[in-house]
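Q: sequence and predicted structure below; questions after.
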Amino acid sequence: MNITGPGQPQYTTPDANGSAVEGIREQLTRLDQNVAEVAQGESSDSLASGSRDRALVEQGEIVRAVRANARSLEASNQVIGTILDIKV
């Protein structure tokens, strides 16, 4: 379904949904890798303090990216819901 508005580029809601879901998946994979890295370092005591700080900062970035993708998905779903309400 293509959605266009005055002064807005053509926007395809299924593409937006797919992009948001894929973004969430990518960030969850990234988070799993990050957690595994931290856990491995803690067990061998080889993770330097700077690496832990970097890992924590990266986890914050991951959380922000997941939230942004979730907001995008929510907005796309609201658009679809509005269109369905108008059509019915």
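A: Sure, I can see it. Numbers count the residues shown, from 1 in each chain.

Q: so which helix or strand of this structure has the lowest pLDDT on average?
A: Scoring the helices and strands of the chain by mean pLDDT, DSSP states H and E places strand 2-3 at the bottom, with a mean of 46.

Q: pLDDT on stretch 62-72, on average?
A: Per-residue pLDDT over stretch 62-72 has a mean of 94.

Q: please disregard the earlier target; I meant stretch 75-84.
A: 79.

Q: buried set for it?
A: Burial within stretch 75-84, assessed by neighbour count using 16 or more other C-beta atoms under 10 Å, is assigned to 76, 80. From N, CA and C alone the C-beta is placed, and that goes for glycine too.

Q: mind starting the numbering at 54 from now?
A: Got it, first residue is 54 now, which makes that one stretch 128-137.

Q: after the helix or strand encompassing residue 75 comes which helix or strand?
A: Per DSSP states H and E: residue 75 is located in helix 66-97. For helix 66-97, the succeeding helix or strand toward the C-terminus, using DSSP H and E, is helix 102-140.

Q: pLDDT wise, what is the closest residue to residue 112 other than its chain neighbours at?
A: Using C-beta to C-beta, 6 or more residues apart in numbering and skipping residues adjacent in sequence, the residue nearest residue 112 is residue 87, 5.8 Å away. Looking at residue 87, its pLDDT reads 88.

Q: how close does residue 87 get to residue 124?
A: With the distance defined as C-beta to C-beta, to the nearest Å, residue 87 ends up 22 Å from residue 124.

Q: so between the two, which is more surrounded?
A: Just comparing residue 87 and residue 124: by other C-beta atoms under 10 Å the higher neighbour count belongs to residue 87, 17 against 11.

Q: ok, the more buried one to residue 107 distance?
A: Counting by C-beta to C-beta - residue 87 and residue 107 are separated by 10 Å.

Q: residue contacts, residue 86?
A: The contact partners of residue 86, by C-beta atoms under 8 Å, 6 or more residues apart in numbering, come to none.

Q: try it again with 10 Å
A: 111, 115 (C-beta atoms under 10 Å, 6 or more residues apart in numbering).

Q: likewise for residue 122?
A: Residue 122 neighbours (C-beta under 10 Å, 6+ apart): 72-80.
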